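Novice: What would the 3D arrangement of this be:
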Amino acid sequence: MKHPYFTYERAELLSAPKIPLVILPDSEAAFSDMAHEMADTIEANNAAGKHTVFIVPVGPVGQYPIFVDLINSRRISLKDTWFINMDEYLTDEKEWIDASDPMSFRGFMKENVYEKIRPELVMPENQRIFPDPRDPEAISRLIKNLGGVDICFGGIGINGHVAFNEADDTLTPDQFRALPTRVLPISPATRAINSLGTLNGAMDAMPDFCITIGFDEIFAAKKVRLACFRDWHRAVVRQACYGEESGHFPVTLLQSHPDARITISEFVAALG
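Specialist: Numbers count the residues shown, from 1 in each chain. Below is the predicted model of the structure:
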């Protein structure tokens, strides 16, 4: 095989990963771990009189019901918390798809997160941020004004993308890490794998364009926390942790991050 790390069994996978790994029993445990880190960080910052800034995904999403329950049950105020979503699908005219579209990340967050949190606890709407195709630079300005991102949460795509930072073999690692928030076409690989959920495999119904937060903003976050639990994540995680840093598989660029971590299930850790 061209890359022997694809065949690494559990012990080999854990021997010397270039991005630290945490193995939990299953996907539910991984979701719970992410949700608790979110809630605990906000609670600690609130107690210290600090605000909280997260970059958050729609994929994975299993952490959100747990997070909502933690916020409501522990009565944690989000009034000094900013959620900056990683990305959103765009129309062919490079505008946000309508929030009522089942593919819309804005619609998902409103229905499954913000409307589920007690009104007296949820953050104001102007602290629920999505990258805007009409003003992509607004994300970097906001992050600078807020003093940086506490934690970037997310997953990893089948071609190694984090957010929608699609693979690009023409860029050096440093050039890729400097990519800003921007509009870009979605790769065929990403369109295929993402069509398997809401669209039941209807790849031709997938949007062709997106706006994504840049790798520059992701890499600048104080912490990066990624979760992987799907069958194809077995290969993705092995390449992320043992492949060479390259824009060909963007998540490898987090090997140089001072506090990045990938949480995986026992299923992903095993090969058989």
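Novice: Which parts of the stretch 51-200 of the chain are helices?
Specialist: 63-74, 105-112, 138-146, 173-177, 188-194 (DSSP state H, counting those that start in this stretch).
Novice: and of the ones you listed, who's closest to R238?
Specialist: Ranking the helices of the stretch 51-200 of the chain by their distance to R238 (criterion: Cβ to Cβ) puts helix 188-194 first, at 17.3 Å. C-beta here means a position set from N, CA and C on the backbone, and glycine is covered the same way.
Novice: by contact count, what packs against that closest one?
Specialist: Helix 188-194 sits against no helix or strand, with contacts defined as 3 or more Cβ pairs under 8 Å, 6 or more residues apart in numbering; DSSP states H and E.
Novice: Alpha carbons of that helix, as PDB, please.
Specialist: Written as PDB, here are the backbone C-alpha positions of helix 188-194 (Å, rounded to 0.1, in the frame of the first residue of the first chain):
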ATOM      1  CA  PRO A 188     -17.000  16.600  -6.000                       C
ATOM      2  CA  ALA A 189     -15.800  14.400  -3.100                       C
ATOM      3  CA  THR A 190     -17.400  16.700  -0.500                       C
ATOM      4  CA  ARG A 191     -20.600  17.000  -2.500                       C
ATOM      5  CA  ALA A 192     -20.800  13.200  -2.800                       C
ATOM      6  CA  ILE A 193     -20.200  12.500   0.900                       C
ATOM      7  CA  ASN A 194     -22.400  15.400   2.200                       C
END
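Novice: from the chain's centre, how far out does that helix sit?
Specialist: How far helix 188-194 lies from its chain's middle: 16 Å, per Cα atoms, centre = their mean, to the nearest Å.
Novice: Excluding its own residues, what touches it? List them.
Specialist: Contact with helix 188-194 is made by G59, G157, I158, N159, H161, F164, E166, I186, M203, M206, D208, W232, as judged by Cβ atoms under 8 Å, 6 or more residues apart in numbering.
Novice: ditto for stretch 24-44
Specialist: By Cβ under 8 Å, 6+ apart, the residues outside stretch 24-44 that reach it are 22, 52, 54, 60, 62-64, 66-67, 70-71, 74, 76, 78, 81, 150-151, 153, 225, 227-229, 263-267.
Novice: try it again with 6 Å
Specialist: 52, 62-63, 66-67, 70, 76, 81, 227, 229, 263, 265-266 (Cβ atoms under 6 Å, 6 or more residues apart in numbering).
Novice: Pull that stretch out as PDB, backbone CA atoms only.
Specialist: Once non-C-alpha atoms are left out, stretch 24-44 reads as follows in PDB (Å, rounded to 0.1, in the frame of the first residue of the first chain):
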ATOM      1  CA  LEU A  24     -13.900   7.300  23.800                       C
ATOM      2  CA  PRO A  25     -16.300   4.300  23.700                       C
ATOM      3  CA  ASP A  26     -18.600   5.500  21.000                       C
ATOM      4  CA  SER A  27     -19.900   8.500  19.100                       C
ATOM      5  CA  GLU A  28     -22.300   9.500  21.900                       C
ATOM      6  CA  ALA A  29     -19.400   9.700  24.300                       C
ATOM      7  CA  ALA A  30     -17.500  11.900  21.800                       C
ATOM      8  CA  PHE A  31     -20.500  14.200  21.500                       C
ATOM      9  CA  SER A  32     -20.800  14.400  25.200                       C
ATOM     10  CA  ASP A  33     -17.200  15.200  25.600                       C
ATOM     11  CA  MET A  34     -17.500  18.100  23.100                       C
ATOM     12  CA  ALA A  35     -20.700  19.400  24.700                       C
ATOM     13  CA  HIS A  36     -19.200  19.400  28.200                       C
ATOM     14  CA  GLU A  37     -16.000  21.200  27.100                       C
ATOM     15  CA  MET A  38     -18.200  23.800  25.500                       C
ATOM     16  CA  ALA A  39     -20.400  24.300  28.600                       C
ATOM     17  CA  ASP A  40     -17.500  24.100  31.100                       C
ATOM     18  CA  THR A  41     -15.400  26.700  29.100                       C
ATOM     19  CA  ILE A  42     -18.300  29.100  29.000                       C
ATOM     20  CA  GLU A  43     -19.100  28.600  32.700                       C
ATOM     21  CA  ALA A  44     -15.500  29.200  33.700                       C
END
